[in-house]
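S.K.: build me a model:
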Amino acid sequence: MTDHPRSPPSPRRRSLLKLGAALPAALALPRPAGAANFPARPVTLIVPFPAGGATDTQMRALAVAASRELGQTVIIANRPGAGGTLGPAAMAHTAAPDGYTVSVVVGTLFRYPFLQQVNYDPLKDFTYVACMTAYSYAIVVREDAPWRTLDELIADARAHPDKISYGGTGTGGSGRIAIERLSRLTNTRFNFIPYKGAAEETTALLGGHIQMVSDAGWGPMIDTGKARLLAVLGEARAKRVPDVPTLTELGYPIVAANPVGIAGPKGMDPAVTRALQQAFHRASSDPEYNRALENADQPHMLMDSAAYTDFAIRQVAEEKKFVAELGLKM
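M.R.: Numbers count the residues shown, from 1 in each chain. All right, here's what the predicted structure looks like:
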C-alpha cells in the first residue's frame with residue numbers, strides 16, 4: 001500500500017501497469033515439467049478476512065477456477081485478524097513449504113512490522129507466489145446520512161471532534177491511514193473502530209453503529225442503494241461511480257492503493273511456486289472471478305513470483321519510511 005501526494009506515475013507504478021496489461025501473455029505460459037507431480041492432493045488457500053466480505057468472495061471464485069487448472073480442489077480457510085496479517089503469519093510458522101498451504105497477503109503485511117511487534121519478517125518468512133489484484137478504497141456513508149459531500153462531512157467533524165465514528169480493517173489498515181492523513185490536513189478528529197473485514201464493517205454501517213467506512217469492498221452497498229460514496233481514494237475515479245471525485249480532485253493529495261497477492265512459507269520449490277503462480281494467473285480469466293472484481297471496482301494486477309518478490313522488497317522500504325514520516329503508532 002502506498003498513500004502519497006499525487007504525482008506523475010512512478011517507475012514502480014508504470015511497471016505494475018505493464019504487468020497488469022500482460023494478462024494474455026501470463027495466461028499463455030506453459031506448465032513447468034518440474035512440477036508434474038504437483039499437486040497430488042487439495043491445496044488450502046488461507047483468506048485472512050471473515051467469510052462474506054469482498055476478498056472472501058473474490059478468492060472463493062478464484063479457488064474454483066484454480067481448482068480446474070490444478071486438477072485438485074483449492075480449499076478456502078478463513079483466518080481473520082490483525083488487519084489481515086494473522087493468517088499469513090500463522091501459515092509462515094506452521095505450514096510446510098510444499099505448496100499445499102498458501103495465503104492471501106495484503107499491504108498490511110509489509111506495514112505492521114513498523115507499527116507494532118510482530119512474529120514474522122515479511123522478507124524472510126514468505127515465498128511470494130503471485131500478485132492478483134488491488135483494492136479500491138473509498139469513503140462511504142449510509143444513504144440517509146446527513147452529509148451529501150465530503151466538505152459537509154469535514155465541517156461536521158471539525159465542529160464535533162470524535163463524534164463521527166468510522167470503520168476500517170485493522171488499526172493499521174490502508175483506509176485508517178488515509179483518514180488519519182485527511183484529519184491532519186483538515187484539523188479534524190474522527191473516532192476509529194477497527195474491524196476484521198468488510199463484512200463486519202458493512203453490518204456496522206448499515207446497522208447505524210458507525211457513521212462512515214473508509215475501506216474497500218463497497219460495491220454491494222452501492223448496488224443496493226443503501227450507501228453512497230463521498231470520495232474515492234485511488235488515483236482515478238471508480239468506473240462504477242464515475243461522478244464521485246477522488247480525494248486529490250477535492251484538494252486533498254492522498255492516494256491509497258493496496259495490492260492483493262498469494263504467498264507461501266519460505267523455502268518453497270521454485271517449480272511448485274511456478275505451478276501455483278501459473279494456475280492462479282490462468283484462473284484470473286474466469287468470468288465469476290472477474291465479476292467479483294468488478295463488484296469492488298478492482299483491476300487485475302498480475303505479477304509473477306520474481307516480480308512480486310521485488311515488489312515486496314520495495315514496499316517494505318516504502319512502508320518503513322512512510323510510517324516514520326507520519327509518526328504512526330498502533
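
S.K.: residue 234 is in contact with residue 249, isn't it?
M.R.: No: Residue 234 is not in contact with residue 249 according to Cβ atoms under 8 Å; the separation is 10.9 Å. Placement of C-beta: from N, CA and C, glycine included.

S.K.: now stretch 65-85: buried residues?
M.R.: 65-67, 69-70, 72, 74, 76, 78-85 (16 or more other Cβ atoms under 10 Å).

S.K.: hang on, the earlier thing: who's more crowded, residue 234 and residue 249?
M.R.: Neighbours per residue, other Cβ atoms under 10 Å: of residue 234 and residue 249, the larger number sits with residue 234, 20 against 13.

S.K.: how does the chain divide into domains?
M.R.: 43-135+258-326, 136-250 (the TED database).

S.K.: need the ones you listed in CSV with distance to residue 37 and mean pLDDT, can you?
M.R.: As requested, these are exported to CSV (distance: least, Cβ to Cβ, whole Å; pLDDT from 0 to 100):
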stretch, distance to residue 37, mean pLDDT
domain 43-135+258-326, 10, 94
domain 136-250, 36, 92
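
S.K.: what about residue 51, how many residues nearby?
M.R.: Using other Cβ under 10 Å, the number of residues around residue 51 comes to 13.

S.K.: one more: residue 321?
M.R.: By other Cβ under 10 Å, neighbour count at residue 321 equals 11.

S.K.: which residues does residue 45 form beta bridges with?
M.R.: residue 76, residue 102 (DSSP bridges).

S.K.: sec struct for the closest residue in space to residue 196 that isn't next to it in sequence, please.
M.R.: Nearest non-adjacent residue to residue 196, counting by Cβ to Cβ, 6 or more residues apart in numbering: residue 80, 4.1 Å away. Under the three-state scheme (DSSP: H, G, I helix; E, B strand; the rest coil), residue 80 adopts coil.

S.K.: likewise for the one 10 residues further on?
M.R.: Residue 90 falls in the helix class when you classify it by three-state DSSP.

S.K.: list the contacts of it.
M.R.: Taking Cβ atoms under 8 Å, 6 or more residues apart in numbering, we find residue 90 in contact with 46, 79.

S.K.: again, but for residue 241
M.R.: Neighbours of residue 241 in contact, by Cβ under 8 Å, 6+ apart: 222, 229, 232, 297.

S.K.: separation between it and residue 227?
M.R.: Distance from residue 241 to residue 227, counting by Cβ to Cβ, to the nearest Å: 11 Å.

S.K.: likewise for residue 236?
M.R.: Taken as Cβ to Cβ, the span from residue 236 to residue 227 is 21 Å.

S.K.: so which of the two has more stuff around it?
M.R.: Using other Cβ under 10 Å as the criterion, residue 236 and residue 227 rank with residue 227 on top: 22 against 12.

S.K.: what helix or strand does the residue nearest to the more buried one when sequence neighbours are not counted sit in?
M.R.: Excluding its sequence neighbours, the residue lying closest to residue 227 (Cβ to Cβ, 6+ apart) is residue 221, at 3.8 Å. Following DSSP states H and E, one finds residue 221 within helix 219-223.
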